[in-house]
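J.: Requesting a structural model of the entry that follows:
(one chain, ligands or ions: 2)
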Amino acid sequence: MNSSQNVNLPHAAQAESEIPQTQPLRVELLRDLERKVLWLSTQIIHHANHERPNDSGLKVGGHQASSASVVTIMTALYFAVLRPEDRVAVKPHASPVFHAIQYLLGNQSLEKIKSFRAYGGAQAYPSRTKDSDDVDFSTGSVGLGVATTSFASLVQDYVRAHGWGQQWPEGRMIALAGDAELDEGNIYEALIEGWKHGLRNTWWIIDYNRQSLDAIIPAPLTSKLRTVFENMGWEVRTLKYGRKLEALRNRPGGADIIEWIDTCDNALYSALTFQGGEGFRRQLAVDLAGRPAAMAIVDALSDAELAALMTDLGGHCLETLLDAFDAASRERPVCFICYTIKGYGLPFAGHKDNHAGLMTVEQMRAFKSANNILEGEEWSRSAGLNRDAREFELSLERVPFNAKGRRRLAAEKIEVGELPLPRVKGSMSTQQGFGLILQEIARGQTRLAERIVTTSPDVTVSTNLGPWVNRRGVFELREIEDVFQERRLMSVQRWGKGPKGQHFELGIAENNLFLMLGVLGLSHELFGERLIPIGTLYDPFIARGLDALNHACYQDARFILVGTPSGVTLAPEGGAHQSIATPLIGMAQDGIASFEPAFVDELAVILGWAFEYIQRVPKTAAGHDWLHEREGGSVYLRLSTRPLDQPVRGLSAEQKHGIIAGGYWLRPPQEGADLVIAASGALLPEAASAMAHLLIRCPDAGLLSVTSADRLNAGWKAAQTAQQHGDAVESHVERLLAPLAHDARIVTVVDGHPATLSWIGGVHGHRVQALGVEHFGQSGSIDDLYRHYRIDTDAIIEAACAQRARRSPPRP
Ligand SMILES: Cc1ncc(C[n+]2csc(CCOP(=O)(O)OP(=O)(O)O)c2C)c(N)n1
Ligand SMILES: [Mg+2]
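T.: Ligands and ions are numbered 1, 2, ... in the order given. Sure thing, here's the model as predicted:
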């Protein structure tokens, strides 16, 4: 293809994809768009900081230099290369560029870009949930958006291998990464995982400006990156020079100039870029003295021309970019290392302190005039381009990427129905129960069973997912024989591998689990196909992937997370494997409802609800319904390996409601009762046994099974807000505790941090003794550890009695 003429569709297969009335834009037009995008993205930040009223005087911020660095790359992508099915993670600090492009394409409002970083305006960093202009992947915590794209590609393969998603062409999963993002370890974890799964159809485009927030990287990193990526099966394309510099190679002396840049220290090159043509000229006069042919080239150029030549890097050359994108493979993942200049085209280009730098009012005035933009035309889409406005608009309408409008897909809900329940009798742990329930589901030929996809970071067996995988198989793009089975060697795990498998086997990196769940849980919106993702891991190692979990929830991905085993109940395994803080994580993490059931029948109710809850459609309409729960989200189940005697009972509708709302009475308190023991999960037997002792003195006492401190608390908070707005509503926990005497005592106990339930006294002003684990665990038996951490029967009794001693005199 000759990209100086027309920009062709990048792939023949795609050319046939039914994109109506679109046509490639000519490079001259792309060049104008590049200028316009640079102007608008710079102006969006300038307006937020210097033009919009700002009562607080607080700096609004924004990253003009980071944005300028990636303008050419994003212009090439969005206006020429991308197709609607492609999905992009834009580096966080280029948010203004993304919003400017969507504004030009008619997908973003003027009002939103004028209120960039203001309440209700375009977000500081691209956000799927808070922005309205079709963000594919939220970014902000550097590294996560990049790695997400490789998991997105694996999930797309999964969907298509199962024969779904055929109504939508296969898209490329693309990350626009800042070069410092590659310092994040999660990138390398993702590279290894991608290699294991035969990753393809993924592009990582690195904005290689050699600057981060604080620093300029001291030595060339490209050779290191190249080996890492190639080693992991990636194709690497380095786009170092633009057309102008490349052309020098054929001129006498030109190679000397190229060689000079090749060997120039990054910091010096940055400083000279900032100084401009005059700076380069002085330096070259010294360094290329004795190379008359090279100096003849330099001497023939004006300062402006020399600066333009010396900074003509690959990432700022449309033709170079278009050619590289056009030639790139789909069958292998591709890493483009695009040399760029941070702040390219702006006065602080190359300056080492430019990361958060803002152009001054005077600089913006000069920049506006250089762009031929008149006063009042700052937000015009075509001003200053010397083009017919109507034709320009028509060209924008024909941009292939925009052919299908907003690309947020939807999928029908999967009917959940009654879950087939395992036979539960005798003693069983919630973890065992979980494995059995999934095994039962796996046996059935239901839509639910078909759409469940499980994944685990190397703890599939030890989190009881094995039987599910035996029935449903491991997902691999190609069929792989189980050698052990073939040779009739005994193994409990008979895991066939192939394209119809329903379990993603992951390596140990928990971060990858959450990135994977993040994409599996967005499959309905990204690929138009609903999946029901379930991920299992050891509960303490949630902390290992916490930022990726937060990222998944921030994107409103929908999945079920099973943290098991949990707490000091894991006894002999010791402190490194015993979670303490996870109940608080479950409460504090937005977008995920956490549960800690004690019995398998409770777990079954929660799972049945969870399958439906994760499919709820987010409310988009404005208006508040204070008590109404958040429209869906993910679900976290904190399970245990401690076998508990299972109650033989049929749960009533009221009990089931309580289990989901967060708690129900195992023994209801009498009216005016003066003691309640509230316990979660594996500690129910201790609570029940303490209660049996205490009943002699407190026959009215109640025993509460807290299935979800998170939902109890959230319901209470929502009710308080509603009550403050005049709604006569009562939360579940308010209702539960209503019969208690005003001076009743509550003892709470949880195998986790005691703050999980200590708030409960605030509901009606009751006194609380909160028991739980505050300090690192250790090896021991359950009895040893419960005694040591004061969560055993005696500790509960003591807490109840201590409260009794301190009981305040009855109010008159
Ligand atoms: C996990 C995380 N750590 C720190 C930051 C703060 N931070 C934002 S941008 C940045 C440097 C980014 O440099 P680079 O990726 O090279 O982007 P550039 O602005 O040069 O394009 C840092 C440290 C962040 N956003 N996320
Ligand atoms: Mg950088």
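J.: Only C-alpha atoms, please: export stretch 756-771 in PDB.
T.: Output of stretch 756-771 as PDB, limited to C-alpha atoms (Å, rounded to 0.1, in the frame of the first residue of the first chain):
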ATOM      1  CA  THR A 756     -16.300  -6.400  60.300                       C
ATOM      2  CA  LEU A 757     -19.200  -6.500  62.700                       C
ATOM      3  CA  SER A 758     -18.400  -4.000  65.500                       C
ATOM      4  CA  TRP A 759     -20.400  -1.300  63.700                       C
ATOM      5  CA  ILE A 760     -23.600  -3.200  64.500                       C
ATOM      6  CA  GLY A 761     -24.000  -1.500  67.900                       C
ATOM      7  CA  GLY A 762     -24.500   1.800  66.000                       C
ATOM      8  CA  VAL A 763     -27.700   0.500  64.500                       C
ATOM      9  CA  HIS A 764     -29.900   1.000  67.700                       C
ATOM     10  CA  GLY A 765     -27.200   2.200  70.100                       C
ATOM     11  CA  HIS A 766     -26.400  -1.200  71.600                       C
ATOM     12  CA  ARG A 767     -23.100  -2.000  73.400                       C
ATOM     13  CA  VAL A 768     -20.900  -4.400  71.400                       C
ATOM     14  CA  GLN A 769     -18.100  -6.700  72.200                       C
ATOM     15  CA  ALA A 770     -16.500  -7.500  68.900                       C
ATOM     16  CA  LEU A 771     -14.400 -10.600  68.700                       C
END
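J.: Pull the residues that contact that stretch.
T.: 583-584, 587, 676, 678, 680, 706, 709, 712-713, 716, 733-734, 737-738, 740, 742-750, 754-755, 772, 790-791, 795-796, 799-800, 802-803, 806-808 (CB atoms under 8 Å, 6 or more residues apart in numbering). Just so you know, the C-beta spots here come from the backbone N, C-alpha and C atoms, and that holds for glycine as well.
J.: can you list the residues of the protein near ligand 1?
T.: Within the chain, the positions adjacent to ligand 1 are 66, 69, 91-93, 141-142, 178-181, 207, 209, 211-213, 342, 355 by CB under 6 Å from any ligand atom.
J.: Selecting buried members of those residues in PyMOL, what would you type?
T.: Written as a PyMOL command, the selection of buried residues from these, which uses 16 or more other CB atoms under 10 Å, is:
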select buried, resi 66+69+91+92+93+141+142+178+179+180+181+207+209+211+212+342+355
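J.: so which of the residues of the chain next to ligand 1 are also by ligand 2?
T.: Among the residues of the chain next to ligand 1, proximity to ligand 2 is found for 178-179, 209, 211 (CB under 5 Å from the ion).
J.: Turn the residues you listed into CSV, columns for secondary structure and pLDDT.
T.: Listed next are those as CSV, based on DSSP: H, G, I helix; E, B strand; the rest coil; pLDDT from 0 to 100:
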residue, secondary structure, pLDDT
G178, strand, 98
D179, helix, 97
N209, coil, 97
Q211, strand, 95
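J.: so where's the longest helix in this protein?
T.: Looking across the chain with DSSP state H, the single longest helix is helix 27-46.
J.: what comes up buried for that one?
T.: Within helix 27-46, the residues scored as buried using 16+ other CB under 10 Å are 27, 29-46.
J.: Show me what it is packed against.
T.: helix 64-69, helix 71-76, helix 95-104, helix 110-114, helix 318-327, helix 361-370 (3 or more CB pairs under 8 Å, 6 or more residues apart in numbering; DSSP states H and E).
J.: Quick one: the helices in the stretch 651-800 of the chain, in order.
T.: 653-661, 684-694, 709-724, 732-737, 755-758, 782-788, 793-805 (DSSP state H, counting those that start in this stretch).
J.: ok, and which of the ones you listed has the densest surroundings?
T.: Highest mean neighbour count of the helices of the stretch 651-800 of the chain: helix 755-758, a mean of 23 (counted as mean count of other CB atoms under 10 Å).
J.: Run the chain-centre distance for that helix.
T.: Mean C-alpha position of helix 755-758 versus that of the full chain (CA atoms, centre = their mean, to the nearest Å) differs by 28 Å.
J.: Kindly report the residues of the stretch 151-300 of the chain close to ligand 2.
T.: So the stretch 151-300 of the chain meets ligand 2 at 178-179, 209, 211 (CB under 5 Å from the ion).
J.: Please save the CA atoms from stretch 716-736 in PDB.
T.: Output in PDB follows, covering the C-alpha atoms of stretch 716-736 (Å, rounded to 0.1, in the frame of the first residue of the first chain):
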ATOM      1  CA  TRP A 716     -28.300   0.100  56.800                       C
ATOM      2  CA  LYS A 717     -26.300   2.900  55.200                       C
ATOM      3  CA  ALA A 718     -28.800   3.100  52.300                       C
ATOM      4  CA  ALA A 719     -31.700   3.200  54.700                       C
ATOM      5  CA  GLN A 720     -30.100   5.900  56.800                       C
ATOM      6  CA  THR A 721     -29.700   8.100  53.700                       C
ATOM      7  CA  ALA A 722     -33.300   7.400  52.700                       C
ATOM      8  CA  GLN A 723     -34.500   8.200  56.200                       C
ATOM      9  CA  GLN A 724     -32.600  11.500  56.000                       C
ATOM     10  CA  HIS A 725     -34.500  12.200  52.900                       C
ATOM     11  CA  GLY A 726     -37.800  11.600  54.600                       C
ATOM     12  CA  ASP A 727     -38.500   8.000  53.400                       C
ATOM     13  CA  ALA A 728     -40.000   5.800  56.000                       C
ATOM     14  CA  VAL A 729     -37.900   2.800  55.400                       C
ATOM     15  CA  GLU A 730     -36.200   0.300  57.700                       C
ATOM     16  CA  SER A 731     -33.200  -1.700  56.800                       C
ATOM     17  CA  HIS A 732     -32.800  -5.500  57.400                       C
ATOM     18  CA  VAL A 733     -30.500  -5.100  60.300                       C
ATOM     19  CA  GLU A 734     -32.700  -2.400  62.000                       C
ATOM     20  CA  ARG A 735     -35.600  -4.900  61.700                       C
ATOM     21  CA  LEU A 736     -33.600  -7.800  63.000                       C
END
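J.: Now do it: everything it contacts.
T.: Counting by CB under 8 Å, 6+ apart, 626-627, 629, 658, 661-665, 704, 711-713, 715, 738, 760, 763-764 sit against stretch 716-736.
J.: Same check on stretch 342-357?
T.: Stretch 342-357 is contacted by residues 38, 42, 61, 63-66, 68-69, 71-72, 209-216, 267, 269-274, 311, 316, 341, 359, 363, 367 when judged by CB under 8 Å, 6+ apart.
J.: Let's see that with 7 Å instead.
T.: 38, 42, 61, 63-66, 68-69, 209, 211, 213, 216, 270-271, 273-274, 316, 341, 359, 363 (CB atoms under 7 Å, 6 or more residues apart in numbering).
J.: What segments of the stretch 251-400 of the chain are strands?
T.: Shown for the stretch 251-400 of the chain, the strands assigned by DSSP state E, counting those that start in this stretch span residues 334-339.
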